[in-house]
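Trainee: Got a predicted structure plus its sequence, pasted below:
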Amino acid sequence: MIKFGKSVVKFRIPILILSLLLLVPSVIGYVNTRINYDILSYLPGDIETMEGQDILLEEFGTGAFSAAVVQGMEQKDVVTLKSEIEKISHVKSVLWYDSLADVSVPMEILPGEIKDAFDNQETNAALMIIMLDTSMSADETLDAVEEIRRLTDQQCLLSGMSAVVADIKKICNSEALMYVVIAAGLSAVVLSLTMDSFLIPLFFLLSIGMAIIYNLGTNFVSGEISFITQALAAVLQLAVTMDYSIFLWHSYQENQERFPGDKKRAMAHAISNTITSVVGSSITTVAGFLAMCFMTFTLGLDLGIVMAKGVVFGVIGCVTILPSMILIFDGAIEKTRHRAIIPDLGRIGDFVTRKYMIFIALFLLILGPALYGYTHNQVYYDLVGTLPENLESVKANDKLEKDFNMGAAHVILADSSLDAKKSRAMLKELEKVKGVKLALGMDSLLGPAVPEELVPDSYKEHLDNGNYQMMFIASEYKTASDEVNAQCDEIRRIIRQYDSSAMLIGEAPCTQDLITITDRDFKTVSAVSVVLIFIIIAAVLKSVSLPVILVLVIEFAIFINMGIPSYTGTVLPFIASIVIGTIQLGATVDYAILMTNKYKKARYQGAGKQEAVSTALNSSLQSVFVSALSFFAATFGVGLYSSIDMISALCVLLARGAIISLLVVAFILPAMFMVFDKLICKTSAGFLNKDKKVTAKSVIS
């Protein structure tokens, strides 16, 4: 490794020039990477709801539909508006009163429930169903949504998943840059106060920033990333890789004392030391992110790959770009030296090792309530309910619920050969399902009052293409509610009595699948991340007992972090329960590994149990404190700023998790070492060396 360090020092200027040139293709790749704003699109493609959506697009040319509430318009104006909307690119059709029968036919002859579904005379509001020929979150669909909104100028409120996705896109585009600015700015403040130079944090941020751009640029290979990945990738990469830069800087300073006046040699050794230490700890972080790739809900794969890649770029940047910057700008760094404004943490070790039984007692006392809270969290799956109330899609959903008593909308795909008698019987039975406001199909219009010749051919084509027939179900219940999930189950039971191949699709059935799948994924990802990190720690530390202790300690921190919302009554986004534990375990187990390595070295050098643990804590706590504080600053600020609750909640949980992990590693882990020292020494390699009789004071590094 020392040869690599010397090579970096020798070629520092070419390395910096090359790293700057690589930013150009990275930026081009980033700009041309599509952002996916639709959470439901990450459901497995082989489930019924997703297969049904594909059939809907292939057979009917309809990929997305939206309910539009038109306010304060005369019928003739609604007809004109409908005609204008139909001219918009990718709008396939608009269903309204005149779609069901000729506009000259009095609305009174239509079935009462159908008339009420499309016209509310009390509030002077009309309802149109807009169908598009592109998928729910396609760029063309989102463009069409924005064009419809511009056309109607607030008189027509669009609801539905496509409208929600369009609003999320708008928020992300306006806030994404600020996430990075806030994370970098607050990290810079923390580092400026805790490091011994005002300028060195700038080079930390520049080198990490370049690694972030490389990471985001290479996402072009996958074609697209989710909006959650886009929002969190830069912030998380900054937070989890900052401690690598801190370690390099501290190692560089220590080697300057070893080689006075020879900064190049000091840096070469610092790079070598950093690679040796950082590679082992970074592997655990990468493993934590890769564990998310085992999710069947492929948002985990999306975020996991991007973040694992980001850690790798972070390590490479830390041992190439950052050392080059430090050496090239050494003069400027020296001029901005100052005394670190940070409390002296060097005496905590003696206190913790003397009072370790208190911390063991606290561990046992808190474990039960923390585990209970962790397993009794409430989560939400409804994106709309947590978006800002001033968004058009949120207003539309509220208006739809208030004026038409409608929440979710379902689509049924049944065999076209199902005869009219059975079809009408099925629709009648569906109308009796609790919470179903309207069941609309081809055969729901036909009867003695409405002869078939009065039903326009275009309407017939919308609902029956010869292979499949399509039916709309309007529900009074909101998406992701227990009521709508029970309703979906009952609808499936009914339709399969008439047609065993019938499918129920739509936002609510998709969300129901999301609930089932992510619940299973949570268990899978938690188990995989623990097993992977356990194996890595066992291999790195060459120990049987240490992986158990380290994973237990960090899992304890996760239990506390994820258990707090249960006691505060906070409802978490569903994705939090899956990714937070994995990220917190992978990112903060580094703190425990750093302390464990120092404890191991001290014991090998001949120090007694208490002296070794105390020395390990005292010598590592400063670095852990700065790293955790930087992690907290980067994520907490974004959590406060973001108006998308899913992103805000994730960042707040990560920020709190960093501080909790810091406290647990500082107080619980040393106590564990004190209790299990004999077991650790017997089941781990490199702890005991009977030939060594020196004290641990000589091994602080």
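Mentor: On my side now, so go ahead. Nothing here was measured: the structure is a model prediction, and the numbers come from that model. Numbers count the residues shown, from 1 in each chain.

Trainee: Who are the contact partners of the most centrally placed residue in the chain?
Mentor: When C-alpha atoms, centre = their mean is applied to the chain, the residue found nearest the centroid is I228 (4.8 Å). Counting by C-beta atoms under 8 Å, 6 or more residues apart in numbering, I228 touches I39, L299, L303, I575, M646, I647, L650. The way it works is simple: take the backbone N, C-alpha and C, and place the C-beta from them, glycine included.

Trainee: Tell me how many other residues crowd the second one.
Mentor: It stands for L299. 25 (other C-beta atoms under 10 Å).

Trainee: Need phi/psi at the residue nearest to it when sequence neighbours are not counted.
Mentor: Nearest residue to L299, sequence neighbours excluded (C-beta to C-beta, 6 or more residues apart in numbering): Y42, at 4.1 Å. Main-chain torsions, Y42, degrees, to the nearest 10: phi -90, psi 0.

Trainee: Show the contacting residues for Y42.
Mentor: Taking C-beta under 8 Å, 6+ apart, one finds N36, S226, F297, T298, L299, D302 in contact with Y42.

Trainee: Pick the one among the residues you listed closest to E146.
Mentor: Nearest to E146 among these: N36, at 17.2 Å, using C-beta to C-beta.

Trainee: Can you spell out which residues form a bridge with that closest one?
Mentor: S226 (DSSP bridges).

Trainee: okay if I get the contacts of I228 as JSON lines plus distance to A287 and pLDDT?
Mentor: Below are the contacts of I228 laid out as JSON lines (distance: C-beta to C-beta, whole Å; pLDDT from 0 to 100):
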{"residue": "I39", "distance to A287": "25", "pLDDT": "85"}
{"residue": "L299", "distance to A287": "19", "pLDDT": "90"}
{"residue": "L303", "distance to A287": "15", "pLDDT": "91"}
{"residue": "I575", "distance to A287": "20", "pLDDT": "83"}
{"residue": "M646", "distance to A287": "25", "pLDDT": "86"}
{"residue": "I647", "distance to A287": "24", "pLDDT": "89"}
{"residue": "L650", "distance to A287": "20", "pLDDT": "90"}
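
Trainee: From those residues, which land in helices?
Mentor: Applying DSSP state H to the contacts of I228, the entries found in helices are L299, L303, I575, M646, I647, L650.

Trainee: and the two most separated of these?
Mentor: Among the ones in helices among the contacts of I228, L299 and I647 lie farthest apart (C-beta to C-beta), at 13.1 Å.

Trainee: before we move on, back to that, would you convert the contacts of Y42 into TSV that also reports distance to V626?
Mentor: Below are the contacts of Y42 laid out as TSV (distance: C-beta to C-beta, whole Å):
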residue	distance to V626
N36	36
S226	31
F297	35
T298	36
L299	32
D302	31
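
Trainee: Pick the one among the residues you listed closest to D489.
Mentor: Once C-beta to C-beta is applied, the member of these that ends up nearest D489 is F297, at 20.6 Å.

Trainee: got a pLDDT number for the closest one?
Mentor: pLDDT recorded at F297 is 91.

Trainee: Surely it is within a helix?
Mentor: No: applying DSSP: H, G, I helix; E, B strand; the rest coil, one finds F297 to be coil, outside a helix.

Trainee: tell me the SS of the closest residue to G407 other than its chain neighbours?
Mentor: Excluding the flanking residues, the one nearest G407 by C-beta to C-beta, 6+ apart is K478, at 4.3 Å. Three-state assignment for K478 (three-state DSSP): coil.

Trainee: what number of residues lie near K478?
Mentor: K478: 17 neighbours (other C-beta under 10 Å).

Trainee: so it makes contact with A409?
Mentor: No: with contacts counted by C-beta atoms under 8 Å, K478 stays clear of A409, the gap being 11.3 Å.

Trainee: Show me what the helix or strand harbouring G317 is packed against.
Mentor: Here G317 sits within helix 299-319, counting by DSSP states H and E. Judged by 3 or more C-beta pairs under 8 Å, 6 or more residues apart in numbering; DSSP states H and E, helix 299-319 is in contact with helix 2-10, helix 200-218, strand 224-226, helix 227-258, helix 263-291, helix 574-604.

Trainee: of these, which approaches E392 most closely?
Mentor: Closest to E392 of those, according to C-beta to C-beta: helix 227-258, at 17.8 Å.

Trainee: list the buried ones in the closest one?
Mentor: Within helix 227-258, the residues scored as buried using 16 or more other C-beta atoms under 10 Å are 227-252, 255-256.

Trainee: mind listing what the closest residue to T276 other than its chain neighbours touches?
Mentor: Closest residue to T276 apart from its sequence neighbours, by C-beta to C-beta, 6+ apart: M1 at 6.1 Å. For M1, the contact set (C-beta under 8 Å, 6+ apart) comprises I271, S272, I275, T276.

Trainee: Ranking by neighbours, what's the top pick from the residues you listed?
Mentor: I271 (27 neighbours).

Trainee: Am I right that it is in contact with G5?
Mentor: Yes: contact status for I271 versus G5: in contact at 3.5 Å, counting by C-beta under 8 Å.

Trainee: Spit out the residues that contact those two alike.
Mentor: Counting by C-beta under 8 Å, 6+ apart, the residues touching both I271 and G5 are V319, P323.

Trainee: before we move on, the earlier item: check the contacts of M1 and tell me the two furthest apart.
Mentor: Spatially, the most separated pair among those is I271 and T276, at 9.8 Å (C-beta to C-beta).

Trainee: Return the set of buried residues in stretch 52-70.
Mentor: 52-53, 55-57, 60-70.

Trainee: and which of those residues is nearest to R150?
Mentor: Closest to R150, out of all of the buried residues of stretch 52-70 and judged by C-beta to C-beta, is A68, at 13.6 Å.

Trainee: the helices in the stretch 1-150 of the chain, which residues?
Mentor: 2-10, 12-21, 23-31, 48-60, 75-86, 97-100, 112-118, 139-152 (DSSP state H, counting those that start in this stretch).

Trainee: Is S475 bridged to anything, and to what?
Mentor: Under the criterion used (DSSP bridges), S475 bridges to V436.

Trainee: Any figure for the gap between it and V484?
Mentor: Distance, S475 to V484, using C-beta to C-beta, to the nearest Å: 6 Å.

Trainee: Need the overlap of contacts for the two.
Mentor: By C-beta under 8 Å, 6+ apart, the residues touching both S475 and V484 are G407, A408, G435, A508.

Trainee: Columns pLDDT on top of the residues you listed, output as JSON lines?
Mentor: Below are the shared contacts of S475 and V484 laid out as JSON lines (pLDDT from 0 to 100):
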{"residue": "G407", "pLDDT": "83"}
{"residue": "A408", "pLDDT": "85"}
{"residue": "G435", "pLDDT": "93"}
{"residue": "A508", "pLDDT": "89"}
